[in-house]
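Novice: 3D, please:
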Amino acid sequence: MAYLIKNKNNIITITTLAVPVIVENILQTLLGTVDTYFAGQINDNAIAAIGVTNLIMNLFIVFFTAISIGTSAVVSRTFGRGEMDKVREAITQSIFLGIIISLILGVVNVLFYKPILSISGATYEIIDLTRPYYLVVAVPIIFLCLSLILSSCLRATKDTTTPMIASAFANILNIILNIIFIKMNFGIVGLALATTISRFINMAILLIKLKMNNIHIRFNKGILTGGKDTLKSIIKIGAPAGMEKLIMRLGQLFYNSMIISIGVSEYVAHNIAGNIESYTYIPALGFGVATATLVGITLGEGNSEKSKEIVYLADIITTICMVLIGILLFIFAPQIVKIFTDTKEVQIMVVNVLRLIALFQCFIAITQIFTSALQGAGDTKFPMYTTFIGIWGIRVGIGYFLGVVMNLGLFGVWIAYALDITVRGILFMVRFNHGRWQNITI
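Specialist: Okay, here's the model as predicted:
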């Protein structure tokens, strides 16, 4: 307690940055949960259809995450050094790169949606229901791309409030549109339209805020040559981070296919549990973003000792929050699950896996904070290697053994997930304590 009191100024700084991100993440998660809730008003297969779409979208988001993490590290470091021209250059380069990649992905989604959906392992019945939702959400993926990148740019300059406001507005709009489109009998297509329109509005608000901050985005002939070094730095840092997410998403795709093969009820339960559990991650994600931003800025200021102090404080605060959330999740899991489904078989499976993961919330905190700290410093290769071991060796390998071979089903898969989080959290903490991240130059 004395340690926390001594460092109250740093705690205030961390919390001030983290709280708007936490609120924003609640709202972003709500965007998916609202669709799942309204899909449940249609039928359980509609929930599965949205789950399949989100699974594929998460693979595409890997590219945007790579740009966002690379940009955040470069922008926060240059912001810490007071080099505003470099800040503007990095933001422009990241937006340009995001536009190019998202337009390519949009075309790919139009031309190859059938084989893309088939790799999920879903049944033909679910794929038929998924197709219209997927096309409306995945083809205009540029709105999601720019929303993610622009949010990272603003956060890296200590503006975490604007992304929160943009998400709030977009989510209110999404709920209203969902209600309207459901009443108009648009079905699952209406849910997709509401999501896409909301993402567009979110992107527009962020662009307006950038312009108000005197950061004007101009694309000209010299964009590829004028900021070549900055672009290289973004890609150098972002590529391993993107690869880490790709490894994770491919692993998730594999074990999601494994769950589908066990049964549709198990897959529906997995999606509901994932939706609920995503809320427990929110404090860790918020404090993780604040940690990455402050590590980048303090390293830019040449104060690595302050960077370490911030990381340890953020870990203490986040662990306390996550343990409290874990206790609440364990106690109230049955009541929460009933919001999403009336099917007793599904309810039992969801409660069991939620109570399991509630016991591992402290390791989720450790994993998120120390990963963010390393990425904020530009050390993105080690998380990539560690994630490969955790996802494919533990989550997929042990998950298959427990879930399929040992016939533990969904519960066995989630045991492997809990082990993965634990092992990776310990490895990230050890890596940070070795201090190699302090010597990375950007």
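Novice: which helix or strand in the chain has the lowest average pLDDT?
Specialist: Each helix and strand of the chain was given a mean pLDDT (mean pLDDT, DSSP states H and E); the minimum falls on helix 223-226 at a mean of 58.
Novice: in whichever helix or strand comes after that one, which residues are buried?
Specialist: Past helix 223-226, heading to the C-terminal end, the next element that is a helix or strand (DSSP states H and E) is helix 228-262. Going by neighbour count (16 or more other Cβ atoms under 10 Å), the buried part of helix 228-262 is 230-231, 233-234, 236-249, 251-256, 258-260, 262. The C-beta positions use only the backbone N, C-alpha and C, and glycine is treated the same way.
Novice: so what does helix 228-262 touch, helix or strand wise?
Specialist: When contacts are defined as 3 or more Cβ pairs under 8 Å, 6 or more residues apart in numbering; DSSP states H and E, helix 228-262 sits against helix 44-80, helix 84-111, helix 264-280, helix 381-388, helix 399-400, helix 409-434.
Novice: for F200, find the nearest of the ones you listed.
Specialist: helix 84-111 (12.8 Å; Cβ to Cβ).
Novice: which of the residues in that closest one are buried?
Specialist: Taking 16+ other Cβ under 10 Å as the basis for neighbour counts, the residues of helix 84-111 that come out buried are 86-99, 101-102, 105-106, 109.
Novice: ok, stretch 127-137 next?
Specialist: Using 16+ other Cβ under 10 Å as the burial criterion, the residues of stretch 127-137 that qualify are 127, 129-131, 133-137.
Novice: how about JSON lines for these, with distance to I421 added?
Specialist: Formatted as JSON lines, the entries for those read as follows, by distance: Cβ to Cβ, whole Å:
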{"residue": "I127", "distance to I421": "31"}
{"residue": "L129", "distance to I421": "32"}
{"residue": "T130", "distance to I421": "29"}
{"residue": "R131", "distance to I421": "34"}
{"residue": "Y133", "distance to I421": "30"}
{"residue": "Y134", "distance to I421": "29"}
{"residue": "L135", "distance to I421": "34"}
{"residue": "V136", "distance to I421": "34"}
{"residue": "V137", "distance to I421": "28"}
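Novice: dump those to TSV, plus pLDDT.
Specialist: Below are these laid out as TSV (pLDDT from 0 to 100):
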residue	pLDDT
I127	78
L129	78
T130	83
R131	85
Y133	88
Y134	89
L135	91
V136	92
V137	91
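Novice: in this structure A18 contacts L285, no?
Specialist: No. Look at A18 against L285 with Cβ atoms under 8 Å: they stay out of range, at 9.2 Å.
Novice: who's more crowded, the two?
Specialist: Neighbours around A18 and L285, counted as other Cβ atoms under 10 Å, are more numerous at A18. The numbers are 26 against 22.
Novice: give me the nearest residue to that one, chain neighbours excluded.
Specialist: With Cβ to Cβ, 6 or more residues apart in numbering as the criterion, A18 has its nearest non-adjacent residue at 4.0 Å, and that residue is A290.
Novice: tell me the confidence at that neighbour?
Specialist: What the model reports for A290 is a pLDDT of 93.
Novice: go on, I237?
Specialist: pLDDT, I237: 91.
Novice: distance of the closest residue to it other than its chain neighbours from L135?
Specialist: Across the structure, with Cβ to Cβ, 6+ apart as the measure, the residue nearest I237 apart from its sequence neighbours is G70 (4.2 Å). Distance of G70 to L135, given as Cβ to Cβ, to the nearest Å: 30 Å.
Novice: check L246 too.
Specialist: Computed with Cβ to Cβ, the distance linking L246 and L135 is 23 Å.
Novice: contacting residues around S167?
Specialist: Residues touching S167, when contacts are defined by Cβ atoms under 8 Å, 6 or more residues apart in numbering, comprise 23-24, 27-28, 31, 202.
Novice: neighbours of I320, how many?
Specialist: By the criterion of other Cβ under 10 Å, I320 has 14 neighbours.
Novice: so where's the chain shaky on pLDDT?
Specialist: Across the chain, the ranges flagged by pLDDT under 70 are 1-6, 29, 31-33, 43-44, 120-123, 216-227.
Novice: change it to 80
Specialist: Judged against pLDDT under 80, the low-scoring parts of the chain cover residues 1-8, 27-49, 51, 55, 118-129, 213-228, 249, 252-253, 255-257, 442.
Novice: circling back: any idea which of the helices and strands packed on helix 228-262 gets closest to K308?
Specialist: Distances from K308 to each of these were compared using Cβ to Cβ; the shortest belongs to helix 409-434, at 8.3 Å.
Novice: figure out how far that closest one is from the centre of its chain.
Specialist: Centre-to-centre, helix 409-434 and its host chain are 17 Å apart (Cα atoms, centre = their mean, to the nearest Å).
Novice: flag every buried residue along it.
Specialist: Of the residues in helix 409-434, those buried by neighbour count under the rule 16+ other Cβ under 10 Å are 409-410, 412-425, 427-429, 431-432.
Novice: in this structure the residue nearest to A18 contacts A314, no?
Specialist: Yes. With contacts defined as Cβ under 8 Å, A290 counts as touching A314 at a distance of 6.7 Å.
Novice: overlap in contacts, those two.
Specialist: Overlap of the contact sets of A290 and A314 (by Cβ under 8 Å, 6+ apart) consists of 14, 18.
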